[in-house]
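Show me the folded form of this:
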Amino acid sequence: QVHLVESGGGLVQTGGSLRLSCAASGRSLSGDVMAWFRQNSRNEREFVAAIMWSGGTTAYADSVKGRFTISRDEPGNMVNLQMNSLESEDTGVYFCALDTATVIWWTPSHYDHWGQGTQVTVSA
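Here you go, the predicted structure:
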């Protein structure tokens, strides 16, 4: 059974940085896509970034390009999200998700497994 656990959320001032991590267990990630989504105050879950485990191809939402970096730690079966130059609009609950596919989808419904989420709050 796949288990995803996020860590690294917290409170940070505008312009600051945070690093989120997601530890995956229960299956080999080869051939999978790992992604980060965030749920905003309107309860909308939006795509943030994703990485293909094999090959490392990445994708980012326009709103985070140049500020966020997604990476994988293959020995540790972990995916990380380095978030720099944080803005108040980045506030939300960040979820790690896994899709057993070879295509990066931007819609949550494609993802089969989810973590419990970690809160990120960016204050002015």
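
Please, where are all the strands along this structure?
Along the chain, counting by DSSP state E, strands occupy 3-7, 10-13, 18-25, 33-39, 45-52, 58-60, 68-73, 78-83, 92-99, 113-114, 118-123.

just those strands: most buried one?
strand 33-39 (a mean of 24; mean count of other CB atoms under 10 Å). The C-beta positions use only the backbone N, C-alpha and C, and glycine is treated the same way.

Now do that strand, average pLDDT.
For strand 33-39, the mean per-residue pLDDT is 97.

Can you tell me which helices and strands that strand packs against?
Applying 3 or more CB pairs under 8 Å, 6 or more residues apart in numbering; DSSP states H and E, one finds that strand 33-39 makes contact with strand 18-25, strand 45-52, strand 68-73, strand 78-83, strand 92-99.

same thing but at 10 Å, please
strand 18-25, strand 45-52, strand 58-60, strand 68-73, strand 78-83, strand 92-99, strand 113-114, strand 118-123 (3 or more CB pairs under 10 Å, 6 or more residues apart in numbering; DSSP states H and E).

Direction included, what does it pair against?
strand 45-52 (antiparallel), strand 92-99 (antiparallel) (DSSP bridges).

Mind putting those into CSV with distance to residue 118 and mean pLDDT?
Formatted as CSV, these follow (distance: least, CB to CB, whole Å; pLDDT from 0 to 100):
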stretch, distance to residue 118, mean pLDDT
strand 45-52, 12, 96
strand 92-99, 5, 96
